[in-house]
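[1] Pasting a predicted model and its sequence here:
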Amino acid sequence: MSGEAKGRLGVISGPSGSGKTSICRALARDPQVFFSVSATTRPKRPGEVEGVDYWFLPEEEFRAKASRGEFLEWAQYNGRFYGTLRKPVEDAIGAGKVALLEIELQGATRLREDGVEGTYIFIEPPSMEVLEERLRKRGTETEEEIRKRLEIARREWTQARSGDVYDHFVRNDDLERAGREVRALLGLEEEGGS
Ligand code: 5GP
């Protein structure tokens with residue numbers, strides 16, 4: 001290896017509907033970035049692809065991986081398990097990439113507590129009203145699910161703001177602008193020109 005490649009970790013969180021997934025997907029197109037595909041026990045949504053959006057695992061398998069220490073972090077969210085696979089992230093960092101983790105607050109908090117170095121970014125929607133509107137428009141969740149997610153979002157947002165897990169808060173009022181801000185925070189050069 002060149003010794004110049006500086007692998008590092010980027011942690012992106014934000015309420016469901018904040019637009020963090022869109023921001024991460026855009027970043028993932030950059031060859032300097034490795035996007036960590038998490039494992040989860042939640043059911044696949046229409047349009048989601050195994051190995052692209054998540055590794056969809058039965059709970060038993062998830063628990064087995066967790067007990068073997070295969071997760072860098074894992075958390076329970078809305079009754080389901082979500083976890084970051086350790087090896088691909090460590091390999092990517094070793095290869096000099098920016099490993100990007102899109103995870104919720106508890107997982108990010110755990111990484112911080114474990115002393116895992118990185119840039120921790122929280123994506124904020126312009127308001128709770130906008131968040132609710134975006135969640136409804138997405139049309140992938142039931143009314144009950146939307147209510148639960150809004151409740152979690154409100155709590156996460158308040159906790160994120162009052163805690164010291166995140167280094168930066170990025171307001172997603174405009175996807176492209178917010179994406180550029182995140183790129184700069186992660187030390188990624190501006191794309192374009194080709
Ligand atoms: P969703 O069900 O909407 O895909 O994800 C629910 C929440 O779980 C989101 O906030 C998402 O960022 C988070 N999440 C996804 N993968 C992981 C993971 O590996 N670990 C943790 N802690 N959270 C995750």
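    Good, I have the coordinates.
[2] what kind of secondary structure is K148 in?
    helix (DSSP: H, G, I helix; E, B strand; the rest coil).
[3] what do you get for the one 10 residues further on?
    Classification of T158 using three-state DSSP returns helix.
[4] Near the ligand, which residues of this structure are found?
    Within the chain, the positions near the ligand by CB under 6 Å from any ligand atom are 16, 38, 42, 73-75, 77, 82-84, 102-104, 106-107. Backbone N, C-alpha and C define where each C-beta goes, glycine included.
[5] Now do the end-to-end distance for stretch 157-174.
    End-to-end distance for stretch 157-174: 19 Å, by CA to CA, to the nearest Å.
[6] ok, and what's touching that stretch?
    13-15, 18-20, 23, 105, 108-109, 112, 119-126, 178, 181-182, 185 (CB atoms under 8 Å, 6 or more residues apart in numbering).
[7] Among the residues you listed, name the ones in strands.
    13, 119-124 (DSSP state E).
[8] give the contact list for the closest residue to Y77 other than its chain neighbours.
    Nearest-residue entry for Y77: E104, 5.3 Å, with adjacent residues in sequence omitted and distances by CB to CB, 6 or more residues apart in numbering. By CB under 8 Å, 6+ apart, the residues touching E104 are 13, 75, 77, 82, 156.
[9] Just send those residues back as JSON lines, with pLDDT and neighbour count too.
    Output for the contacts of E104, formatted as JSON lines (pLDDT from 0 to 100; neighbours: other CB atoms under 10 Å):
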{"residue": "S13", "pLDDT": "97", "neighbour count": "24"}
{"residue": "A75", "pLDDT": "97", "neighbour count": "18"}
{"residue": "Y77", "pLDDT": "92", "neighbour count": "18"}
{"residue": "Y82", "pLDDT": "98", "neighbour count": "23"}
{"residue": "E156", "pLDDT": "91", "neighbour count": "21"}
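[10] mind checking how far P43 is from N78?
    12 Å (CB to CB, to the nearest Å).
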